[in-house]
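1. Mind looking at a prediction? Sequence and model below.
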Amino acid sequence: MPGVTLDVNGKKHTVDVPQDMPLLWALRDVMGLTGTKFGCGIGQCGACTVHVNGQPMRSCVIPASAVAGQKITTIEGLASNGELHPLQQVWIEQDVAQCGYCQTGQIMSAAALLNRNATPSDADIDAAMSGNYCRCGTYIRIREAIHTAAQRTGAGFYNAAPAAHKAPAADEAAAAEQAEHQV
Amino acid sequence: MSGVNLEDVLQALRQQSGGISRRGFLKLTGVAGGGLLLAARMPALAEEGPSLVGSVELNAFVSIAEDGTITIYSATPEMGQGIKTSLPMIVAEEMGASWDDVRVLQTEEVNTEIYGEQWTGGSYTLNREWNIMRRLGASAREMFLAAGAIAMELPRSELKAEDSRVYHIHSDASRSFAELAALAYRQPVPDPDTLVFKGRQEYRIIGTAKSQVDSNQIVTGTADFGIDTRVDGMLYGVYEKCPAVYGRVVSANIDEVKREPGIVDAWIIKGNDNPRELLDGVGIVGTSTWAVFQARNKLVIEWDESSASKDSWTDFKQFAESLEARVGSEVLVSRGDVDAVLKDDRHRIVESFYEFPYVSHLCLEPMNCTAHFKPGVNGAKDHLEVWLPTQMGPRFQAMAKDRYGLEADQVTIHIKRMGGSFGRRTSNEYACEAIELSMRAGRPVKVTWSREDNMKYDFFRAGGFQQIRAALDESGKVAGWEEHAIGVEQDGKQAIGSGFRTGAFPLASFPVVRGSHTLVPKKTLLGPWRAPWSNTHAFVTQGFIHELAVAAGRDHLELLLEMLGEPRWLEEGNIRAMNTGRAADVIRLAAEKAGWGREMPPGSGLGLSFYFCHAAHVAEVAEVSVDTNRKLTLHRVTAAVDVGPIVNMSGALSQVQGAIIDGYSTMVGQKITMENGRIQQTNMDQYPVLRIPAAPAVDVHFIQSDNEPTGLGEPALPPLAPAVANAIYAATGERVRKMPLSELGFTV
């Protein structure tokens, strides 16, 4: 199998995976990034949501090979420089989770929403979050938490690209600094 | 009575955010050396070393590190019900600890002699552990006070424990728990009978809102879910079973499947026909979950279905609808002369037929287990290590002994956080599948069920039917009540969750009543599903009481209160039996807070319901509107709940919000059917779930009575469906006697 080079959370990983292996399983089983969850395998539940070039995608239905070289951000890459993302902070403070299994996917969808709309309305939240199922029924607190994070950070934070989404270093020297490892 | 406004709880939580943020990325380091160690089940006190508190009943332990960190172990499994936070809150409260100093760790083993029962379910854990946790905390507090008296040379009676310190009440003198720990552990352990617990007015932690202790791990993707287990040398496994439960393997193209990419090995495995242990199947192990999922698609298996399920929902429904008998083959409860009341010409008889489907647990974390079986060599014993999300660690331990002959010292069980359970993770089959594959592979194996496996091989909530009738006298009072459930027999008896329990209202309390059932043997697997029995029985009975009110031209609230009768315990002092006074209080409160009786716009309505189960009295009022296209909107649910004192206000509110949304999701669109033994719904595209736009606002009001506290995982669910059904009637005049609503043409 030819290697596929994935750019995940700012690091490049060359992985030997079948061409049809979904990104979800490359992340979880091959790279050990288990924060992205398996729920349904058909893109219905949103537990596997990651960002590809800043857009929320269901990693259970995208072959890893199809996103080679694109900027992938998982929940493990959402915090930057040891600082939790404001959504993660609010999720903790407002005790959003119950079982917690869907919440990494919920947060990834919410982060993508706030990246493009710093002050979402309820209708915006409905539209952006409908693909993320919560079996425990934490929707009321998810909605409140998104509003709180939006109010707290204002438009400023989200108009600046979070660290994980910064453009890759163009020059070779910077690229060499990026940890590149075979998995 | 306290109304719990979400905004208030969020405000309270935010005010603590400093402490939570500071804990941010802290690594949990386990039990640090030194300090006080409170453990369980140690018979004698030691002069040196850790002095062990307590009686055989103490079932968690606490340690205090030199930096003041108080580690409290949680021994019962966490599945989202919040027990890993609420039980340590009780310990910390009685100790006089500051919650900011507390870290909670899950015990990494099952040892019921040390930790107590270590299972969770039935909304029972909080009640079971309440006094045990209070004793554990109060013992520690007394030992700190004794140590403080010595260290500060002050009378013990002038000391108090608060915020992880011992204070002198008449001066500024104080010592931290960390400073006193070494001395405290040399103090005599108090006799549990001498312990005095705090009064409710003294609480500083109990009754407040705390974010659950694993929030940080959950939002960073590092929470301790079983499915995330990774062990050195581990293979990934799947286990394919017959599409009709109890089918047996005749043959399979094993050699072909072994040649698939990433496949290490595959076997035909004979089971013991026990679906809670091991059914026949084909096991495949490989280098990734994807590899084994793909390889299973290449399987060609010949099944012997002579003993397999032939269940058909269509047949079941035809049987129930054509049943002429109005009294079932077995009468479970009978009081007064129901027949005479029903035949009385002066009475008006109201009669209905209700239907509710099988439903799936749909835990978002699929069933999974990682097992590593290590055969003993050179006379050493065999050893089994499992990483297992389960509500029932001790049940697994018993199975390991019975089925595999492994004593407790040959088994290491890591109890993992569950990504939802709702009663599902109470059986051992997904563990047995992993064990069988590890035994054959000679390596650790993680078995992961696909979503399709989870749908097909659930232990479902039983679908069923119910005839119900009652007599109204000339004054509009209910004179007699009769229920006949058409349910499922399994293993020669009433299946779990099928029909009703005789302790339910109004069967348990009404003076003229008869309850019976007719059971039909079915093989489709059944198990406990969030509030078993109650989740369907509430729909039938609470909808029907509203039908009676309408038929009598009376106010539903008034009729419901009348049916409860005088305030009384049905069994004096037993919180697991209904108290009609507590029931009336929650009903009145929910009605008042929802504005019962107010004028509603056209197409809108309020619906009321009440149910008692799991030692909880819960009333709910639903506010709905229905448009001309039958689009249903559930605007708001107002709930009044009496489960005694609330431990974690945030967790309690979460459970009520969640149960209401779960109840609504189930009612709106969920239905499992089967034909020729095969489950017809394979994934979430055929089993719709409620999404965020349809989530209602939820107002919760707790009556914090002085009764013992109990859990809230289940009891707020049953009243939801009848409240919505009654509200739809109020809005449209259309009676709902069947779930799901999607089959009646409603959309949300």
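-> Ah, there it is. These numbers come from a predicted model, not from an experiment.
2. confidence score at the residue in the stretch 51-200 of chain B positioned nearest to chain A?
-> In the stretch 51-200 of chain B, the residue that lies nearest chain A is B:G80 (3.0 Å; CB to the nearest CB). C-beta coordinates here come from the backbone N, C-alpha and C atoms, glycine included. For B:G80, the pLDDT comes out at 95.
3. Now for it, how many residues are close by?
-> Neighbour count of B:G80, defined by other CB atoms under 10 Å in any protein chain shown: 30.
4. Confirm it sits in a strand?
-> No - B:G80 is assigned coil when assessed by DSSP: H, G, I helix; E, B strand; the rest coil, not a strand.
5. Quick check: phi and psi at it.
-> The main-chain torsion angles of B:G80 are listed as degrees, to the nearest 10 and equal phi 110, psi 0.
6. can you pull the contacts of it?
-> By CB atoms under 8 Å, 6 or more residues apart in numbering or on different chains, B:G80 lies in contact with A:97-100, A:136, B:418-421, B:658.
7. Contacts only, for residue 144.
-> I'll assume chain A. A:94, B:6, B:10.
8. The chain in question should be chain B.
-> The contact partners of B:F144, by CB under 8 Å, 6+ apart, come to B:36, B:95-96, B:161, B:166, B:177, B:180, B:184.
9. redo that, cut-off 7 Å
-> Contact criterion CB atoms under 7 Å, 6 or more residues apart in numbering or on different chains gives B:161, B:166, B:177, B:180, B:184 as the residues in contact with B:F144.
10. out of the contacts of B:G80, which are buried?
-> A:97-100, A:136, B:418-421, B:658 (16 or more other CB atoms under 10 Å in any protein chain shown).
11. Who are the contact partners of residue 133?
-> In the absence of a named chain, chain A is used. Under the criterion of CB under 7 Å, 6+ apart, the neighbours of A:Y133 are A:45-46, A:102, B:364, B:689, B:691.
12. You answered for a different chain; I wanted chain B.
-> Shown here is B:M133, whose contacts under the criterion CB under 7 Å, 6+ apart are B:87, B:90-91.
13. Let me know the pLDDT of it.
-> Value listed for B:M133 in the pLDDT field: 88.
14. Name the nearest residue to residue 72, sequence neighbours excluded.
-> Assuming you mean chain A. Spatially, and ignoring its direct neighbours in sequence, A:I72 is nearest to A:V8 (4.7 Å; CB to CB, 6 or more residues apart in numbering or on different chains).
15. Correction: the question concerned chain B.
-> Leaving aside its chain neighbours, B:I72 sits nearest to B:P88 (4.1 Å; criterion: CB to CB, 6+ apart).
16. And the helix or strand where the one you found lies, what does it pack against?
-> Secondary structure assigned from DSSP states H and E places B:P88 in helix B:83-95. Packing partners of helix B:83-95 (3 or more CB pairs under 7 Å, 6 or more residues apart in numbering or on different chains; DSSP states H and E): strand B:70-74, strand B:102-106, helix B:125-152.
17. Pick the most deeply packed of the ones you listed.
-> Among those, ranked by average contacts under mean count of other CB atoms under 10 Å in any protein chain shown, first place goes to strand B:70-74 (a mean of 25).
18. Would you mind listing what in the stretch 351-500 of chain B touches chain A?
-> Within the stretch 351-500 of chain B, the positions adjacent to chain A are B:362-366, B:418-420, B:450-451 by CB under 7 Å from any CB of the partner chain.
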